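J.: with the input below, show me the fold.
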Amino acid sequence: MSDIIAFDLGASSGRAILGSLKDGRIVTEELHRFPNDPVQAGDRLHWDILRLYHEIKQGLLKAKHNGVTPLSIGIDSWAVDYGLIGRDGGLLGNPLHYRDRSSAGMMERLREELTPEEIFKATGIQFLPFNTIYQLHAAKLNQSPILDSAEHFLMIPDLLRYFLTGEMYNEFSNATTTQLYNPVKQQWDEDLLQHLGLPKSWFGEVLQPGSPAGYLQPFVQEELGLGAIAVHAVAEHDTASAVVAVPALNRSFAYLSCGTWSLLGTEISEPIITEEAQQLNFTNEGGFGGTYRLLKNIMGLWILQECRREWERAGQNYSFPELVKLAGEAPAFTAFIEPDDPVFMAPGDMPSRVRDYCRKTNQPVPDNVGALVRCILESLAFKYRYVLEMTERLSGQQFNGLHMVGGGIHNTLLCQWTANAIGKPVWAGPAEGSAIGNLAVQWIARGEFADIWEARRVIRDSFPITIYDPEQGDAWYDGYGQFLETTALG
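T.: Modelled structure (predicted):
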């Protein structure tokens, strides 16, 4: 028996995926899918963490009702967000959402005390305004009362594991995203913690992906009618799990994990903490087997998702396939945006922001839904080329194509346009990359796979890969020049 469950929590939905090994291949089944909607309470934006815990238990119950007793489970999620545990072992407050406005301006304020060079040298992490370090700095400056009662710091998968097992551990891939972990010393950075006035005792033992992290505790077993199922610390940042699932043939490869966020980079054995990496604002996040993910965050399909939400509020209900069709029918290379402009970060009226950006940069303003969606998708494809070229430059590698994984590969137009933009093939698949990587780490830990490369070979044999070859080379070459000039990235 090889049945295990991956709980894969994204920024908009979560899922419980049952994985089995049959005849040398991976077979997956979606047991449970549920929304993950943030909750606005007053002027704060929170995650509904107890609802997520409830949904995890529902996934376990559905497995039981299907006659499945998993050998182990693992949880992966987005990065940077956290909860604090008090002296009595209880959660202190609902975790804030990384798009909450409370940490606005904190990156700049901390830079007045510590130089970017000092922070990057200590952590190797990309400067993003929602990083954990700035969220905690905001809580400290705002004199959040929960800090006085806190004794333990847990990130989202750590927290959910704690609810299930009663054991408190931090996990490597997620810990590195906090901008508080020193990858050279391989421990929490004491100088940064001291400067921020955060007790070192809050930050616990850091487990490598694949480490055992406890069992369902007795009252959970009793509640669900289950036994002492093992819980593993997998590669708990969902991008780290997605990279595990990249079905690469060569050890030198580039990947794009495409969803609400796009994360593009390569897998390396040692972090690249150089002046050039800092200037290009790249990040060195932990991966499986002590590797690092040299990558850059790109705003991703969030912009399109927010546009769709705004159109729905106005009574215009477009499916994503309908939006893609409209984009394909719109004129090419009419207007572009810089996807990572801060104006696109917060929730809200995204169509107006896209049009305002075009207006301010003296471009034609998209006057219909198809033109606006095309502007977003073309801009993303060109931004992928821009970051891929920087990845090659920093890593000293030349990639012969790009692996795309994640839910974004269902957008076949974006996959094809990405191939056109980079002038190289795109290999798209698997779509459920984070969940499959989560499963693979559990199987490696259980001895079902010898190592990550055997896991990747089995993944490649188990899931379809769609190849997109570049088309219309000259037009996309010229379009890239327009994009660079319009966005001032050139």
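J.: which stretches of this structure have low pLDDT?
T.: Within the chain, no stretch has pLDDT under 70.
J.: let me see the domain layout of the chain.
T.: If you go by automatic domain parsing, the domain ranges for the chain are 4-238, 246-429+449-490.
J.: what about the shortest one, how long is it end to end?
T.: Using Cα to Cα, to the nearest Å, one end of domain 246-429+449-490 lies 30 Å from the other.
J.: check stretch 213-222 too.
T.: Start-to-end span of stretch 213-222 (Cα to Cα) is 20 Å.
J.: distance between it and the chain's centre?
T.: 28 Å (Cα atoms, centre = their mean, to the nearest Å).
J.: likewise stretch 293-301?
T.: Worked out by Cα atoms, centre = their mean, stretch 293-301 lies 8 Å from the chain centre.
J.: from V39, how far off is H97?
T.: 8 Å (Cβ to Cβ, to the nearest Å). Placement of C-beta: from N, CA and C, glycine included.
J.: and what of D88?
T.: Relative to V39, and taking Cβ to Cβ, D88 is found at 24 Å.
J.: please apply the same query to G300.
T.: From G300 to V39 the distance is 22 Å (Cβ to Cβ).
J.: go on, V343?
T.: Counting by Cβ to Cβ - V343 and V39 are separated by 24 Å.
J.: out of the domains of the chain, nearest to W443?
T.: Proximity of those to W443 was assessed by Cβ to Cβ; the nearest stretch is domain 246-429+449-490, lying at 5.1 Å.
J.: report the distance from that closest one to the chain centre.
T.: 13 Å.
J.: before we move on, what about stretch 204-212?
T.: For stretch 204-212 - counting by Cα atoms, centre = their mean - the centre lies 19 Å from the chain centre.
J.: which parts of that stretch are buried?
T.: G204, V206, L207, Q208, P209, G210, S211 (16 or more other Cβ atoms under 10 Å).
J.: show me the strands in the stretch 301-450 of the chain, by range?
T.: 402-405, 426-428 (DSSP state E, counting those that start in this stretch).
J.: now the ones you listed as TSV including mean neighbour count and distance to I436?
T.: Below are those laid out as TSV (neighbours: other Cβ atoms under 10 Å; distance: least, Cβ to Cβ, whole Å):
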stretch	mean neighbour count	distance to I436
strand 402-405	28	9
strand 426-428	26	14
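J.: now do the same contact list for the nearest residue to L413 once chain neighbours are set aside.
T.: Residue nearest to L413 in three dimensions, not counting chain neighbours: V324, with 4.9 Å by Cβ to Cβ, 6 or more residues apart in numbering. Shown in contact with V324 (Cβ atoms under 8 Å, 6 or more residues apart in numbering): V373, L377, N411, T412, L413, L414.
J.: still on that earlier bit, what about G300 and V39, which has more around it?
T.: For G300 and V39, the more surrounded residue by other Cβ atoms under 10 Å is G300, and the numbers stand at 24 against 13.
J.: follow-up on the earlier one: now list the buried members of the contacts of V324.
T.: V373, L377, N411, L413, L414.
J.: now, these that are in helices?
T.: When the buried ones among the contacts of V324 are checked against helices using DSSP state H, the ones located there are V373, L377, L413, L414.
J.: show me the two of those that sit farthest apart.
T.: V373 and L414 (10.3 Å).
J.: tabulate the buried ones among the contacts of V324 in a markdown table, adding columns for distance to L141.
T.: Converted to a markdown table, the buried ones among the contacts of V324 look like this (distance: Cβ to Cβ, whole Å):
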| residue | distance to L141 |
| --- | --- |
| V373 | 40 |
| L377 | 39 |
| N411 | 40 |
| L413 | 44 |
| L414 | 40 |
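J.: wouldn't I298 be in contact with Y384 here?
T.: Yes. With contacts counted by Cβ atoms under 8 Å, I298 reaches Y384, the gap being 7.2 Å.
J.: can you count the residues close to L326?
T.: 17.
J.: surely it and V373 touch.
T.: Yes. Using Cβ under 8 Å, L326 is in contact with V373, at 6.1 Å.
J.: in stretch 460-472, what's buried?
T.: Buried, per 16+ other Cβ under 10 Å, within stretch 460-472: R460, S462, F463, Y468, P470.
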